[in-house]
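Peer 1: Need a 3D model of the following:
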Amino acid sequence: MRFSVYQISRRGGREKNEDRMGYCYTRDSGLFALADGMGGHPEGEVASQLSLQTLGVMFQREAKPILKDPRRFLNEGIIAGHHQLIRYATERALLDTPRTTIIACVLQGREAYWAHCGDSRLYLVRGGKLLARTRDHSYSELQETLAGVVPIGERVNRNVLFTCLGSPGKPVIDTVGPLTLQPGDKLLLCSDGLWGSVDDDTITEHLATSPITDAVPDLVELALRIAGEKSDNVTVIAVEWESAEDEEPGTGIETDDLGSDVFASTIQAGVGAGNPDDLLDDAEIERSIREINEAIKRSAQKRG
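Peer 2: All right, here's what the predicted structure looks like:
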């Protein structure tokens, strides 16, 4: 694989940054993920950090050096992060569970897969056009989707989500892929601090006309400027597939020469609340995976 990646996170006008992002890769597979800890609930930075760490640990275990089933991995990894948040709150007797949105993307072979829960987004731009964008799990986006089917009543706040990780009910996860990539394709993952201030056309134009090393910081600065003192955290991670060799130094990654057992990650190194290692219990992650697999088997038996 050959790709370029650029990531940035700004606190904006908030007291702390509850967004987290990062990526992992082996010789033949890459995981890119971003989570936005939700305000109004405790320890949003823990929620986003823990959900990404869970994904990162599972990726390291399963990408040997490829994932057998990327769609299933994304779904199981996101659900496992949800289970971790529930256990974290239970063990600490919290009155409310830390909650977060998440968007995660796997690049493998020449294909892309992604999954999300909440309103952190993925954009895919090709040849100057917006080829794909995730649809938020918000009541406002649901209203827009159903506008031609049912009468639209009073507009609702775009920040009101009907699902997230850490919620009492089972999270809703939308999974897409495989989608075959072409050289020069650009994928951008972002928190609502970006798209809440900058419209889709502007995001697409910046990605289409500039390398990600210029487009991403310019978009982040634009979002902060438009939102002003009340700006949310703004976090973006962007990837260009099979990018040109003359990209900015330090952004290009070539994995073909890596050994089959080599794993690199920026997720586990993260920036978190306290020591991130204290938040991760391998036994609990293993238990989550077993529970998910057993549920899948039971469901398959019922259908049979």
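
Peer 1: Might you report the residue contacts of residue 191?
Peer 2: 19, 34, 36, 101, 120, 232, 233, 234, 235, 236 (CB atoms under 8 Å, 6 or more residues apart in numbering). All C-beta spots, glycine's among them, are computed from the backbone N, C-alpha and C.

Peer 1: so residue 40 is in which element?
Peer 2: Secondary structure assignment for residue 40, by DSSP states H and E: no helix or strand.

Peer 1: Against residue 168, how distant is it?
Peer 2: Look at residue 40 and residue 168: by CB to CB, to the nearest Å, they are 15 Å apart.

Peer 1: Likewise for residue 252?
Peer 2: Taking CB to CB, one finds residue 252 at 44 Å from residue 168.

Peer 1: if you count what's nearby, which of those two comes out ahead?
Peer 2: residue 252 (16 against 6; other CB atoms under 10 Å).

Peer 1: wait, the more buried one sits on residue 2?
Peer 2: Yes - the pair residue 252 / residue 2 is scored as a contact, 7.3 Å apart, by CB atoms under 8 Å.

Peer 1: quick one: the strands in the stretch 201-304 of the chain?
Peer 2: Secondary structure of the stretch 201-304 of the chain by DSSP state E, counting those that start in this stretch: the strands cover 234-241, 252-254, 264-265.

Peer 1: Actually, the stretch 1-150 of the chain.
Peer 2: 2-10, 19-25, 29-37, 100-108, 111-117, 121-126, 129-133.

Peer 1: Check which helices and strands the shortest one sits against.
Peer 2: The helices and strands touching strand 129-133, judged by 3 or more CB pairs under 8 Å, 6 or more residues apart in numbering; DSSP states H and E, are strand 121-126, helix 200-209.

Peer 1: for those, which one sits closest to residue 178?
Peer 2: strand 121-126 (12.7 Å; CB to CB).

Peer 1: Distance from the closest one to the middle of the chain?
Peer 2: Offset of strand 121-126 from its chain centre (CA atoms, centre = their mean, to the nearest Å): 12 Å.

Peer 1: and what of stretch 7-18?
Peer 2: 16 Å.

Peer 1: Restricting to C-alpha, output that stretch in CSV.
Peer 2: Extracted in CSV, the C-alpha atoms of stretch 7-18 (Å, rounded to 0.1, in the frame of the first residue of the first chain):
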residue,chain,number,x,y,z
GLN,A,7,-4.1,14.8,11.0
ILE,A,8,-4.8,17.7,13.2
SER,A,9,-7.0,18.5,16.3
ARG,A,10,-7.8,21.9,17.7
ARG,A,11,-9.5,22.7,21.0
GLY,A,12,-11.4,25.7,19.7
GLY,A,13,-13.4,27.6,22.3
ARG,A,14,-14.0,24.6,24.6
GLU,A,15,-12.3,24.1,28.0
LYS,A,16,-10.8,20.8,26.9
ASN,A,17,-10.5,18.7,23.7
GLU,A,18,-12.7,15.6,23.8
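
Peer 1: what comes up buried for that stretch?
Peer 2: 7, 9, 10, 11, 12, 14, 17, 18 (16 or more other CB atoms under 10 Å).

Peer 1: what do you get for stretch 111-127?
Peer 2: So stretch 111-127, judged by 16+ other CB under 10 Å, has buried residues 112-126.

Peer 1: now do stretch 75-94
Peer 2: Quick answer for stretch 75-94 (16+ other CB under 10 Å): 75-89.

Peer 1: Stretch 58-72 now?
Peer 2: By 16+ other CB under 10 Å, the buried positions in stretch 58-72 come out as 58, 59, 60, 62, 63, 65, 67, 70, 71, 72.

Peer 1: Check the separation of the first and last residues in that stretch.
Peer 2: 12 Å (CA to CA, to the nearest Å).

Peer 1: Equivalent analysis for stretch 109-122, please.
Peer 2: 19 Å.

Peer 1: which one of the strands of the stretch 1-150 of the chain lies closest to residue 160?
Peer 2: Per CB to CB, nearest to residue 160 of those: strand 100-108, 12.6 Å.
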